[in-house]
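1. Output the structure for:
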Amino acid sequence: MTRLKVWLALFGILVLAGVAGYLATPQGPSRVPLQFVQTLALRLGLDLKGGSQLVYEADLSQVEPQEQAESLQGARDVIERRVNAFGVSEPVVQLQGDTRIIVELPGVTDVNQAVEEIGKTPFLEFKEQSDTPIEDLDTEDPAALLQQQFVSTGLTGAQFERADVQFEQTGSPSILLTFNAEGQELFGAITKRNIGKPVAIFLDDQLLSAPTVQAEITSGQATVTGQFTFEEATELRKNLNAGALPVPVSLVSQASVGASLGQASVSQSLLAGLIGLIGVALFMVLVYRLPGLIAVFALVLYGAIIIVLFKLFGVTLTLSGLAGFFLSIGIAVDANVLIFERMREGLREGLDPASAVEDGFKKAWLSIRDSNLSSLISVVIMYSFTTSLVRGFALTLGIGVLVSMFSAITVSRTLLRAMIKVGFGRWPWLLGIRAKEVAHG
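-> Below is the predicted model:
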């Protein structure tokens with residue numbers, strides 16, 4: 001590699017180091033006059049930052065036993081889509097027991113705000129008039145009386161494809177529902193047997209409207225009317241399109257959650273990681289001298305790049321993610337050790353320092369490639385088939401492995417080439433080898 005190319009590569013690395021180091025600091029992005037950079041921030045998970053926890057109870061009383069598990073999973077998926085649509089970072093939505101859904105929202109410490117973030121998860125249901133006369137109903141409560149006047153038809157929001165806002169002739173907004181094939185068949189049968197009778201439309205057990213059926217409707221569309229404002233109609237449309245709940249759910253518990261590991265535990269974990277990094281740095285410098293010092297610089301740059309990538313891609317950092325990050329540092333050091341040992345072998349065989357550097361990287365590359373490839377295969381498997389906590393570990397480890405290859409192959413090699421160009425190769429001990437070892441090579 002020519003001297004000019006070496007110096008240009010070195011300049012590029014130094015510029016990258018400066019930019020990455022600046023953006024990795026907590027206040028760095030806010031001082032850059034670019035909006036997308038100013039929004040960069042490191043997101044912490046529920047175990048490190050705390051947040052809110054909501055517990056929902058699903059009503060499966062009207063679902064066939066063999067379909068209850070599928071309905072509960074469907075409700076969980078709907079709530080997860082709704083949480084994601086509101087931009088809450090790295091939510092955890094999981095099932096507990098046979099009827100409960102647990103929602104954890106990192107960083108949202110105001111419980112009321114958390115409920116507002118999720119919004120209402122409306123349960124839409126069409127009911128037909130009961131055959132029981134009103135005078136035979138055993139309640140005087142108006143709400144209970146209304147519930148007993150109508151019975152379920154089996155047609156709910158789970159059978160519709162989309163919701164749209166439209167305007168009636170009076171100018172008031174309404175919701176136009178378009179059903180899927182199953183819903184179209186059900187709605188046609190419901191309207192056919194209820195001609196001249198009311199069909200009630202309930203949302204979260206509240207009566208919206210009960211229009212009288214004039215004729216059989218086979219188009220697969222229904223209009224939901226009510227005393228909506230335009231904003232309310234738009235919100236309802238958004239909530240329904242985000243996913244209709246296959247079963248009703250109710251919020252039974254809500255709480256603010258502190259950092260589950262506690263501030264002391266987090267501090268101890270970071271301290272342990274820092275001690276480990278210092279130990280690795282001392283080992284590299286004492287054993288490999290100048291190449292070890294270069295490896296330490298490459299690792300510092302590696303860490304800064306990783307933090308910037310976490311901010312850029314919105315990675316939510318949990319304790320398992322920190323473990324993946326620290327493990328990837330070990331992988332990066334391992335690559336440098338392979339390279340430096342091969343370089344030492346070249347020096348002992350009588351190669352000049354410049355040739356020994358190139359020979360070391362060339363011989364170590366196959367081992368580095370295969371070991372990192374096997375790590376990435378494991379990362380893909382862990383990310384694809386495991387839960388959110390393990391996926392966080394896999395994500396940070398995968399990013400770390402990719403960046404570590406850049407730091408070991410590109411950064412370390414460029415810095416070593418530059419050091420050789422300025423004459424540091426004249427002193428073998430700086431390269432981690434004694435002069436007499438070269439002489440007897």
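
2. wait, residue 210 sits on residue 202?
-> No. Using Cβ atoms under 8 Å, residue 210 makes no contact with residue 202, being 9.3 Å away. Placement of C-beta: from N, CA and C, glycine included.

3. quick one: the strands in this protein?
-> All strands of the chain, identified by DSSP state E, fall at 43-44, 51-58, 92-96, 100-106, 124-129, 150-156, 160-167, 173-179, 199-203, 206-209, 221-224, 249-257, 316-317.

4. Rebuild those as TSV, extending it with mean pLDDT.
-> Putting the strands of the chain into TSV (pLDDT from 0 to 100) gives the following:
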stretch	mean pLDDT
strand 43-44	74
strand 51-58	85
strand 92-96	83
strand 100-106	84
strand 124-129	84
strand 150-156	85
strand 160-167	81
strand 173-179	84
strand 199-203	80
strand 206-209	74
strand 221-224	79
strand 249-257	81
strand 316-317	74
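
5. quick one on the thing from earlier: comparing residue 210 and residue 202, which shows the higher neighbour count?
-> More neighbours surround residue 202 than the other of residue 210 and residue 202, with 21 against 17 (other Cβ atoms under 10 Å).

6. Show me the beta-bridge partners of that one.
-> Beta-bridge partners recorded for residue 202 (DSSP bridges): residue 125, residue 207.

7. Tell me who's in contact with residue 292.
-> 283-286, 340, 432 (Cβ atoms under 8 Å, 6 or more residues apart in numbering).

8. In helices only, show me those.
-> Cross-referencing those against helices under DSSP state H gives 283-286, 340.

9. For PyMOL, what selects the buried ones among these?
-> In PyMOL syntax, the buried subset of those is picked out as below (16 or more other Cβ atoms under 10 Å):
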select buried, resi 284+285+340
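
10. before we move on, back to that, name the nearest of the contacts of residue 292 relative to residue 6.
-> Nearest to residue 6 among the contacts of residue 292 is residue 340, at 19.0 Å by Cβ to Cβ.

11. Isn't that closest one up against residue 289?
-> No. Between residue 340 and residue 289 there is no contact under Cβ under 8 Å: 9.7 Å.

12. what touches both of residue 210 and residue 202?
-> Common neighbours of residue 210 and residue 202 (Cβ under 8 Å, 6+ apart) are residue 150.

13. Let me see the domain layout of the chain.
-> Partitioning the chain according to automatic domain parsing yields domains covering residues 3-44+262-439, 51-257.

14. hmm, back to that, next, format the strands of the chain as a markdown table and append distance to residue 376.
-> A markdown table is the format used below for those (distance: least, Cβ to Cβ, whole Å):
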| stretch | distance to residue 376 |
| --- | --- |
| strand 43-44 | 24 |
| strand 51-58 | 31 |
| strand 92-96 | 25 |
| strand 100-106 | 27 |
| strand 124-129 | 45 |
| strand 150-156 | 44 |
| strand 160-167 | 39 |
| strand 173-179 | 44 |
| strand 199-203 | 48 |
| strand 206-209 | 52 |
| strand 221-224 | 49 |
| strand 249-257 | 34 |
| strand 316-317 | 20 |
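
15. Nearest to residue 293 among those strands would be which one?
-> strand 316-317 (28.8 Å).

16. Report all helices and strands that that closest one contacts.
-> strand 43-44, helix 388-406 (3 or more Cβ pairs under 8 Å, 6 or more residues apart in numbering; DSSP states H and E).

17. Comparing those, which yields the minimum mean pLDDT?
-> Of all the helices and strands packed on strand 316-317, strand 43-44 carries the lowest average pLDDT, namely a mean of 74.

18. pull the CA atoms of stretch 347-361 into PDB?
-> What follows is stretch 347-361, C-alpha atoms only, in PDB (Å, rounded to 0.1, in the frame of the first residue of the first chain):
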ATOM      1  CA  LEU A 347       9.200 -11.300  12.400                       C
ATOM      2  CA  ARG A 348      10.800 -14.500  13.900                       C
ATOM      3  CA  GLU A 349      11.100 -15.900  10.400                       C
ATOM      4  CA  GLY A 350      13.100 -12.900   9.300                       C
ATOM      5  CA  LEU A 351      10.400 -10.800   7.500                       C
ATOM      6  CA  ASP A 352      10.800  -7.100   7.600                       C
ATOM      7  CA  PRO A 353       8.200  -5.300   9.800                       C
ATOM      8  CA  ALA A 354       6.000  -4.100   6.900                       C
ATOM      9  CA  SER A 355       5.900  -7.600   5.300                       C
ATOM     10  CA  ALA A 356       5.200  -9.100   8.800                       C
ATOM     11  CA  VAL A 357       2.200  -6.900   9.300                       C
ATOM     12  CA  GLU A 358       0.700  -7.800   5.900                       C
ATOM     13  CA  ASP A 359       1.500 -11.500   6.400                       C
ATOM     14  CA  GLY A 360       0.000 -11.500   9.900                       C
ATOM     15  CA  PHE A 361      -3.300 -10.000   8.700                       C
END
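
19. So which bits of that stretch are buried?
-> 347-348, 351, 353, 355-361.
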